[in-house]
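Participant: For reference, the sequence and a predicted model appear below.
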Amino acid sequence: MTSLAFVLYSLLIAVFLYCLLNLRTLLFNRHPRPLPPGPTPWPVIGNLPHLGTMPHHSIATMARTYGPLMHLRLGLVDVVVAASASVAAQFLKTHDANFSSRPPNSGAKHIAYNYQDLVFAPYGPRWRMLRKICSVHLFSTKALDDFRHVRQEEIAILTRALESAGQAAAVNLGQLLNVCTTNALGRVMLGHRVFGDGSGSGDPKADEFKEMVVELMVLAGVFNIGDFVPALEWLDPQGVASKMKKLHARFDSFLNKILEEHKVNYSSSGAQKHTDLLSTLISLKDDADGEGGKLTDIEIKALLLDLFTAGTDTSSSTVEWAIAELIRLSKILAQAKQELDSIVGPDRRVTESDLAQLTFLQAIIKETFRLHPSTPLSLPRMASDSCEINGYFIPKGSTLLVNVWAIARDPDAWAEPLEFRPERFLPGGEKPNADVRGNDFEVIPFGAGRRICAGMSLGLRMVQLLTATLVHAFDWDLADGQSTEKLNMDEAYGLTLQRAAPLMVHPWPRLAPHVYRA
Ligand code: HEM
């Protein structure tokens, strides 16, 4: 054999061995570490059929078999699920920077102006700019304090509406709460209410708006096959994309109207300048040269859409769950009333300055967030790079789902987790110091890390003040003489956790009459 032939022969053998080794690695050990355990996927659609109609329930059940760090294959997409506090902390604290973008999805594309918004903006300069604008103008302590009177006034209007409405017929509490949260946000963001006089009674526009927000949350919560099997996207087998496009058109016309009206007022009156978020956004359109560039009309509409959808039903449905729990549990309700009566008394409504003293009420709110988190699977995140967590390989591009709902019901972390027991958050209870602001991973209704809820401080203030006011100002009966034990506490699945049946109640005023007129 000539030396050239020998070299070629050796090279061939080396290449063959290299390919053989690679093939072996590809077939049997693609990654230096294994993927987290999980149920065997079906061909093409993977584990999509395993999700069922209540994915946060099904995923929690699967985690009992496969562990708190689980791998699912949804179509062609790797999905990792965190179902315990310690695993959630690994993703949202230790590896948070790597999980600070959101995965591609049809909701962002068809509803949120093709990712031009804040919620779905890729982690980077534009996201930072949008978030900063919101923090400064809406959510900083100064902004929240400046607009405290707005929240209190809108809650006063709700109280008045409940006082006069409840005696004649039962009221849909969630609906009225939604009008209140939307108008309070509208006054801060746009400088005026979104719906009429704020009382919400029989306002078809308010009904339609809530129905649109709920539809958005339901659609955004669907695991859309097209998101996971791109080859099937054009087929839109569940009809999700087509419903999203129709809904987008309705939101867009709502937002166009707001923008046009505001531009007219803004240009005709210099006095309007910078008194509300939208004026600021419009002024940024002309002179912003922040890191992410100028704001376009589309970006402004996308941001308004985010805030109106993420910031209304989340708060109002949390209050609806809280009141439903209290109506069922009369002893806890009585204890909450006692606290309010001793601190606030019968001659005035609760104000935000009272909240710090209402320790039992605060515990009720934490317990409500624990059992009824507004977004049970939080909002999805995506691995920007491959990484290793708890000895498992997490591939680049994986979607992360944090089962906030299951974590807060984990029997290893909570005593009798299905019981509504506010005292667990009080001194002497099992978690006296736990807070819900993303530091204690056993209860993270607002998520955690860089992409924690942008409106958390506002959401918390609104939920606390609304719940405190409703408990203090009214006694509650269920509609049609329904017994409290029979109150339906079922959930309806969506990106946000709605009640399956709306809470229909009669509110009976319990404070001095002048309180309701003030
Ligand atoms: C009960 C009240 C609320 C709850 C439970 C809640 C919950 C959440 C959760 C779980 C996330 C995802 C966090 C993550 O990825 O880790 C989120 C994101 C967000 N929330 Fe809230 N939210 C509430 C109220 C609000 C309010 C009042 C607003 C604004 C007016 C708001 C605006 C947003 C925005 C803009 C994001 C996206 C943040 C980003 O991607 O950087 N939320 N919220």
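Facilitator: Noted; the coordinates are in hand. Numbers count the residues shown, from 1 in each chain.
Participant: Run a quick neighbour tally on Ser164.
Facilitator: 12 (other Cβ atoms under 10 Å). All C-beta atoms are positioned from the backbone trio N, CA, C, and that covers glycine.
Participant: which residue ranges form the helices in the stretch 401-518 of the chain?
Facilitator: For the stretch 401-518 of the chain, applying DSSP state H, counting those that start in this stretch gives helices covering 404-407, 456-473, 513-517.
Participant: Contacts only, for the most centrally placed residue in the chain.
Facilitator: Most central in the chain under Cα atoms, centre = their mean is Thr375, positioned 4.2 Å from the mean C-alpha point. By Cβ atoms under 8 Å, 6 or more residues apart in numbering, the contact set of Thr375 is 314, 404, 445, 447, 495-497.
Participant: helix/strand/coil for it?
Facilitator: Here Thr375 is recorded as coil under DSSP: H, G, I helix; E, B strand; the rest coil.
Participant: near the ligand, which residues of the stretch 1-150 of the chain?
Facilitator: By Cβ under 6 Å from any ligand atom, the part of the stretch 1-150 of the chain that sits against the ligand consists of 118-119, 131.
Participant: can you tell me which of these are in helices?
Facilitator: Taking DSSP state H, the ones among those that sit in helices are Arg131.
Participant: Check the gap between the residue of the stretch 151-300 of the chain found nearest the ligand and Leu216 for me.
Facilitator: Taking Cβ to the nearest ligand atom, the ligand has its nearest neighbour within the stretch 151-300 of the chain at Leu185, 5.8 Å off. Plainly put, Leu185 is 16 Å away from Leu216 if you go by Cβ to Cβ, to the nearest Å.
Participant: And Lys93, by the same measure?
Facilitator: When Lys93 is compared with Leu216 (using Cβ to Cβ), they lie 30 Å apart.
Participant: same thing with Ala302?
Facilitator: In terms of Cβ to Cβ, Ala302 sits 13 Å off from Leu216.
Participant: Thr314 now?
Facilitator: 12 Å.
Participant: same deal with Leu281?
Facilitator: Taken as Cβ to Cβ, the span from Leu281 to Leu216 is 21 Å.
Participant: Kindly report the same for Arg381.
Facilitator: Arg381 is 20 Å from Leu216, by Cβ to Cβ.
Participant: burial measure for Phe446, as a count.
Facilitator: 23.
Participant: what do you get for Leu281?
Facilitator: 23.
Participant: And it, what's its pLDDT?
Facilitator: On pLDDT, Leu281 comes in at 84.
Participant: Tell me the residues of the chain that contact the ligand?
Facilitator: So the chain meets the ligand at 118-119, 131, 185, 306-307, 310-311, 314-315, 318, 374-375, 378-379, 445-448, 451-455, 458-459, 463 (Cβ under 6 Å from any ligand atom).
Participant: who touches Ile258 in this structure?
Facilitator: Contacts of Ile258 (Cβ under 8 Å, 6+ apart): 190, 278, 304.
Participant: Secondary structure element holding the last one?
Facilitator: Read it as Leu304. Leu304 is part of helix 297-310 when elements are defined by DSSP states H and E.
Participant: Using PDB, list the CA coordinates for that helix.
Facilitator: Extracted in PDB, the C-alpha atoms of helix 297-310 (Å, rounded to 0.1, in the frame of the first residue of the first chain):
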ATOM      1  CA  ASP A 297     -49.000  54.500  16.500                       C
ATOM      2  CA  ILE A 298     -49.000  50.700  16.400                       C
ATOM      3  CA  GLU A 299     -46.700  50.500  19.400                       C
ATOM      4  CA  ILE A 300     -49.000  52.900  21.300                       C
ATOM      5  CA  LYS A 301     -52.100  50.900  20.500                       C
ATOM      6  CA  ALA A 302     -50.300  47.700  21.400                       C
ATOM      7  CA  LEU A 303     -49.200  49.100  24.800                       C
ATOM      8  CA  LEU A 304     -52.800  50.300  25.500                       C
ATOM      9  CA  LEU A 305     -54.100  46.900  24.500                       C
ATOM     10  CA  ASP A 306     -51.700  45.200  26.900                       C
ATOM     11  CA  LEU A 307     -52.600  47.400  29.800                       C
ATOM     12  CA  PHE A 308     -56.300  47.300  29.300                       C
ATOM     13  CA  THR A 309     -56.300  43.500  29.000                       C
ATOM     14  CA  ALA A 310     -53.600  42.600  31.500                       C
END
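Participant: Taking helix 456-473 as reference, get the angle to the next helix or strand after that helix.
Facilitator: Where DSSP H and E defines the elements, the next helix or strand beyond helix 297-310 is helix 313-328. Per axes from the mean of the first three to the mean of the last three Cα atoms, to 10 degrees, the angle that helix 313-328 makes with helix 456-473 is 30 degrees.
Participant: I'd like to know which elements helix 313-328 is packed against.
Facilitator: helix 173-189, helix 204-221, helix 330-343, helix 359-371, helix 456-473, strand 474-478, strand 498-499 (3 or more Cβ pairs under 8 Å, 6 or more residues apart in numbering; DSSP states H and E).
Participant: For the ligand, give me its nearest residue in the stretch 201-350 of the chain.
Facilitator: Counting by Cβ to the nearest ligand atom, the stretch 201-350 of the chain gets nearest to the ligand through Gly311 (2.4 Å).
Participant: how close does that residue get to Leu305?
Facilitator: In terms of Cβ to Cβ, Gly311 sits 11 Å off from Leu305.
Participant: Among the two, which residue is more densely surrounded?
Facilitator: The neighbour count for Gly311 versus Leu305, taken as other Cβ under 10 Å, is higher for Gly311 (26 against 23).
Participant: In contact with the nearest residue to that one once chain neighbours are set aside: list those residues for me.
Facilitator: In space, and not counting its chain neighbours, Gly311 is closest to Gly455: 5.0 Å by Cβ to Cβ, 6 or more residues apart in numbering. Residues in contact with Gly455 (Cβ under 8 Å, 6+ apart) are 134, 138-139, 307, 310-311.
Participant: of all those residues, which comes closest to Asp203?
Facilitator: Gly311 (19.2 Å; Cβ to Cβ).
Participant: Could you pull up the residues touching that closest one?
Facilitator: Applying Cβ under 8 Å, 6+ apart, the residues contacting Gly311 are 181, 185, 455, 458-459.
Participant: Sketch out the helices for the stretch 51-200 of the chain, chain order is fine.
Facilitator: 55-66, 85-89, 106-110, 125-134, 141-146, 148-165, 173-189.
Participant: quick one: buried residues of the lengthiest helix in the chain?
Facilitator: Using DSSP H to define each element, the chain has its longest helix at helix 240-268. By neighbour count on 16 or more other Cβ atoms under 10 Å, the buried set for helix 240-268 is 240-241, 243-244, 247-248, 251, 254-255, 258-259, 262, 265-266.
Participant: now it and helix 204-221, what's the angle there?
Facilitator: Using the same axes, to 10 degrees: helix 240-268 against helix 204-221 is 130 degrees.
Participant: could you dump the next helix or strand after helix 240-268 to CSV, C-alpha only?
Facilitator: Downstream of helix 240-268, the next assigned helix or strand under DSSP H and E is helix 277-287. Presented in CSV, the C-alpha positions along helix 277-287 are these (Å, rounded to 0.1, in the frame of the first residue of the first chain):
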residue,chain,number,x,y,z
LEU,A,277,-50.1,58.2,29.9
LEU,A,278,-51.5,58.5,26.4
SER,A,279,-50.5,62.2,26.1
THR,A,280,-47.0,61.1,27.2
LEU,A,281,-47.0,58.3,24.6
ILE,A,282,-48.1,60.7,21.9
SER,A,283,-45.4,63.2,22.8
LEU,A,284,-42.8,60.4,22.8
LYS,A,285,-43.9,59.6,19.3
ASP,A,286,-42.4,62.9,18.2
ASP,A,287,-39.4,63.3,20.4
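Participant: what's the spacing between helix 277-287 and its chain's center?
Facilitator: In terms of Cα atoms, centre = their mean, to the nearest Å, the centre of helix 277-287 is found 26 Å from the chain centre.
Participant: What of stretch 120-136?
Facilitator: In terms of Cα atoms, centre = their mean, the centre of stretch 120-136 is set 17 Å apart from its chain centre.
Participant: what's the pLDDT at the residue in the stretch 51-200 of the chain that the ligand sits nearest to?
Facilitator: Relative to the ligand, the nearest point of the stretch 51-200 of the chain is Val119 (4.2 Å; Cβ to the nearest ligand atom). As predicted, Val119 sits at a pLDDT of 97.
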